[in-house]
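In: Show me the folded form of this:
(one chain, ligands or ions: 1)
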Amino acid sequence: MQRVIIVEDSKVVQQVLRHLAAQWLEIEVDFAWSLREAAGLIKHHKYALALVDLTLPDAPDGEVVKLMMKAAIPTVVLTSAIDEYKRLQMIEMGVIDYVLKDNRDSYLYAIKLLAQLLRNQGSKVLVADDSKTSRNMMRQMLEQLLYQVVEAADGEEALEMLCEDNSIKLLLTDFAMPKMDGFELAKAIRHRRGRDELAIIGISASGSQSLSAKFIKYGANDFLIKPFMPEEFHCRVMQTMEQLNMIGKIKDAANRDYLTNLYNRRYFYQQAQYKLKHDSKKQTLFLAMLDIDYFKQINDTYGHQAGDEVLVSLSSLLQQHFPETLTARLGGEEFAVVFEAEDNDDANELMDEFRFFISNRMFSFAEQPIAVSISIGIAAVNDAALEHVIQQADLALYDAKGQGRNQVVFFVEQVQCIDEI
Ligand SMILES: Nc1nc2c(ncn2[C@@H]2O[C@H](COP(=O)(O)OP(=O)(O)OP(=O)(O)O)[C@@H](O)[C@H]2O)c(=O)[nH]1
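Out: Prediction:
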């Protein structure tokens, strides 16, 4: 697991940072009070990032920054005051950024910055510019922010790379390029990838402000006018990527059920439709409807909160049992799964395994054991429309309930029971 080191000599500030780090960073964080302690820690661990106070009792002149730079640890500096000389000195040393400790939000900003930098490690950025010098300069600045960088020397090459590689999350594009200019590139890629999937920053030369506005109209999120200072570049890139991340989070929240965090009905229909259209030719797909038996009784006996807890636990077991599979809560105590199996028998077996697993597991709420069972209806996905397949799985589920519950029924014309307990 990756680790971060935070060096801060103030007890109060360290306490605040500990609290914020626990909230925002999902990795190991080590704290040091002094240069000496920090030096000891970096001998024993490999750190992905450092957040350091510029002045420490045993290192009054930023020696801790030099220590981190020597160990090649990307570093963010915390400082209570900064003058132009110190600012330039730190930038020259290769510090990623500095945060002024001048208000209570500074610490939150610093920790969020670390979180974003850690996320950057997995993000790919494409730099499209016909000037090699410009590309190199941007590459250097982006690598300092821990991004993975790929390059294209013209618009066409950039478009091809973006179409082939969905893991590219940010495009930095110059306006004037051979074959296809920055506007055409932004316009073409926006047709394929929305603002929740790809961020675009347009770059234009100074004296061409109208180009910047045009970039935004063609789908760019922001623009930079050359020549720009590294600090401005950092801020714009980080801000744009934060927006991308926020849009992604909002979109994901809109697709999920608030209680169980499984996908909701609307998203399920959308994705199932896509799968039926695109994947059913390559794979043998099935749709299963799952429903908790006598769920009203669980609510009535143990209370609504206990019922909620059962729904949450069952959802998490469903996801664990069928990872990488489209699973959703359609509403109430009803769930759906679109899954791949070799044939009808295999599909039946897979679902029966899950049914058996649930019926043999004790759920609990406030230390009270709760027995749960589920009924399942399955339908094969053929050429029929989604609504039709759902209707078939529903009929099979109805049959499973009618035949005593806690069983799997596979839909065949006239609904015959294949697997009964
Ligand atoms: N706790 C809780 N209960 C819910 C939620 N959504 C729906 N329910 C309850 O789920 C129960 C469903 O009851 P029924 O449709 O009668 O079905 P059942 O009791 O499971 O019976 P069968 O499906 O026929 O086995 C109702 O009492 C709803 O109030 C929820 O989000 N939380």
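In: Using the three-state scheme, assign the residue of the chain at minimum distance from the ligand.
Out: Closest contact between the chain and the ligand, by Cβ to the nearest ligand atom, is at Gly307 (2.7 Å). All C-beta atoms are positioned from the backbone trio N, CA, C, and that covers glycine. Assigned state for Gly307: helix (three-state reduction, DSSP: H, G, I helix; E, B strand; the rest coil).
In: so what's it closest to, chain neighbours aside?
Out: With Cβ to Cβ, 6 or more residues apart in numbering as the measure, Asn299 is the residue that lies nearest to Gly307, at 4.1 Å, once sequence neighbours are left out.
In: residue boundaries of the strands in the stretch 101-250 of the chain?
Out: With DSSP state E, counting those that start in this stretch applied, the stretch 101-250 of the chain shows strands at 124-128, 148-152, 168-174, 199-205, 222-226, listed in chain order.
In: could you dump the last one to PDB, C-alpha only?
Out: Listed next in PDB are the C-alpha coordinates belonging to strand 222-226 (Å, rounded to 0.1, in the frame of the first residue of the first chain):
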ATOM      1  CA  ASP A 222     -10.600  25.900 -19.800                       C
ATOM      2  CA  PHE A 223      -7.800  27.600 -21.700                       C
ATOM      3  CA  LEU A 224      -4.300  28.800 -21.200                       C
ATOM      4  CA  ILE A 225      -2.600  31.700 -23.000                       C
ATOM      5  CA  LYS A 226       1.000  31.200 -23.900                       C
END
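In: How far off centre is that strand?
Out: On the basis of Cα atoms, centre = their mean, to the nearest Å, strand 222-226 sits 27 Å off its chain's mean C-alpha point.
In: same question, the third one
Out: The chain centre lies 19 Å from the centre of strand 168-174; the measure is Cα atoms, centre = their mean.
In: now what about that strand, what contacts it?
Out: 123-131, 134, 138, 142, 147, 150, 155, 158, 161-162, 182, 185-186, 189, 197-204, 220, 237, 240-241, 244 (Cβ atoms under 8 Å, 6 or more residues apart in numbering).
In: That strand pairs with which strands?
Out: Its sheet considered, strand 168-174 pairs with strand 124-128 (parallel), strand 199-205 (parallel) by DSSP bridges.
In: most packed of the strands of the stretch 101-250 of the chain?
Out: Highest mean neighbour count among these (mean count of other Cβ atoms under 10 Å): strand 168-174, with a mean of 25.
In: between that strand and strand 222-226, how big is the angle?
Out: 40 degrees (axes from the mean of the first three to the mean of the last three Cα atoms, to 10 degrees).
In: quick one: average confidence on strand 168-174?
Out: If you average the pLDDT over strand 168-174, you get 95.
In: What angle do strand 148-152 and that strand make with each other?
Out: On the basis of the same axes, to 10 degrees, strand 168-174 is oriented at 40 degrees to strand 148-152.
In: CA atoms only: put strand 168-174 into CSV for me.
Out: Backbone C-alpha positions of strand 168-174 (Å, rounded to 0.1, in the frame of the first residue of the first chain) are rendered in CSV as follows:
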residue,chain,number,x,y,z
ILE,A,168,-6.9,9.4,-21.1
LYS,A,169,-8.7,11.8,-18.8
LEU,A,170,-7.3,15.2,-19.9
LEU,A,171,-6.4,16.7,-23.3
LEU,A,172,-4.1,19.7,-23.5
THR,A,173,-4.3,21.0,-27.0
ASP,A,174,-2.6,23.8,-28.8
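In: Assumed the residue nearest to Gly307 was part of a helix.
Out: Yes. In this structure, Asn299 lies within a helix as judged by three-state DSSP.
In: so where's the protein shaky on pLDDT?
Out: The model of the chain has pLDDT under 70 over residues 206-209, 280, 414-421.
In: Let me see the domain layout of it.
Out: Here the domain parsing of the chain from automatic domain parsing is 3-118, 122-255, 265-410.
In: Chain neighbours aside, what residue packs nearest to Ala347?
Out: The shortest distance from Ala347 to any residue other than its chain neighbours is 3.7 Å, reached at Ala341 (Cβ to Cβ, 6+ apart).
In: An error on my part: the question was meant for Ser131.
Out: Skipping the residues right next to it in sequence, Ser131 comes nearest to Asp174 by Cβ to Cβ, 6+ apart, at 7.5 Å.
In: Report the beta-bridge partner residues of that neighbour.
Out: According to DSSP bridges, the residues that bridge with Asp174 are Ile203.
In: any idea how far it lies from Arg190?
Out: When distance is defined by Cβ to Cβ, to the nearest Å, Asp174 is 17 Å away from Arg190.
In: try Asp343
Out: Using Cβ to Cβ, Asp343 is found at 43 Å from Arg190.
In: ok, those two, which is more surrounded?
Out: Under the criterion of other Cβ atoms under 10 Å, the comparison of Asp343 against Arg190 puts Arg190 first, with 15 against 11.
In: burial of the closest residue in space to the more buried one that isn't next to it in sequence, as a residue count?
Out: By the measure of Cβ to Cβ, 6+ apart, the closest residue to Arg190 outside its immediate chain neighbours is Gly219, 3.5 Å from it. Neighbourhood size, Gly219 [other Cβ under 10 Å]: 20.
In: got the strands of the stretch 101-250 of the chain as TSV, with distance to Trp33 columns?
Out: Below are these laid out as TSV (distance: least, Cβ to Cβ, whole Å):
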stretch	distance to Trp33
strand 124-128	36
strand 148-152	34
strand 168-174	37
strand 199-205	39
strand 222-226	40
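In: can I get those strands in a markdown table with distance to the ligand?
Out: Converted to a markdown table, the strands of the stretch 101-250 of the chain look like this (distance: least, Cβ to the nearest ligand atom, whole Å):
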| stretch | distance to the ligand |
| --- | --- |
| strand 124-128 | 40 |
| strand 148-152 | 42 |
| strand 168-174 | 35 |
| strand 199-205 | 37 |
| strand 222-226 | 42 |
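In: With respect to Tyr47, which of the ones you listed lies nearest?
Out: Shortest separation from Tyr47 across the strands of the stretch 101-250 of the chain is recorded for strand 148-152, at 19.2 Å, computed as Cβ to Cβ.
In: Dump the closest one to CSV, restricted to CA.
Out: Extracted as CSV, the C-alpha positions of strand 148-152 are listed here (Å, rounded to 0.1, in the frame of the first residue of the first chain):
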residue,chain,number,x,y,z
GLN,A,148,1.2,9.8,-16.8
VAL,A,149,1.8,11.8,-20.0
VAL,A,150,1.4,10.8,-23.7
GLU,A,151,2.1,13.1,-26.6
ALA,A,152,0.7,13.8,-30.1
